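1. Give me the fold of what follows.
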Amino acid sequence: MYLPVIADDDGPDLDDVRANFVLWKPLLQDVPASERPSNCLQALAVCNKAFYLHIHILLQLCYA
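-> Numbering: from 1, shown residues only. Below is the predicted model of the structure:
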């Protein structure tokens, strides 16, 4: 549904987005539940754009 917004012929495909999520997910699993982000803005603050570009874009879309 949102894939055309974040991907085109020269951009990432769904596999790239999934791979980025697989790398990003463990980042928060080691953080105690009480200290994890509770909304998109907080998640965006801990999402390093250089390493997790696709996740960063998705969080920006969710926050907008």
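2. contacting residues around the residue lying closest to residue 48 once chain neighbours are set aside?
-> Counting by C-beta to C-beta, 6 or more residues apart in numbering, residue 48 lies nearest to residue 56, which is 7.8 Å off, once chain neighbours are set aside. C-beta: built from backbone N, CA, C; applies to glycine. Residue 56 is in contact with 44, 47-49, counting by C-beta atoms under 8 Å, 6 or more residues apart in numbering.
3. next one: the helix or strand where residue 56 lies to chain centre, how far?
-> In this assignment (DSSP states H and E), residue 56 forms part of helix 53-63. Centre-to-centre, helix 53-63 and its host chain are 5 Å apart (C-alpha atoms, centre = their mean, to the nearest Å).
4. what is the mean pLDDT for it?
-> Helix 53-63 carries an average pLDDT of 89.
5. residues of it that come out buried?
-> For helix 53-63, the buried set under the neighbour-count rule, 16 or more other C-beta atoms under 10 Å, comprises 53-59.
6. how about the helices in the chain?
-> Along the chain, the stretches classed as helices by DSSP state H are 3-6, 14-29, 40-46, 53-63.
7. among those, which is the most enclosed?
-> Most buried of the helices of the chain, by mean neighbour count (mean count of other C-beta atoms under 10 Å): helix 53-63, with a mean of 17.
8. That one to helix 14-29, inter-axis angle?
-> 80 degrees (axes from the mean of the first three to the mean of the last three C-alpha atoms, to 10 degrees).
9. Fine by me, thanks again.
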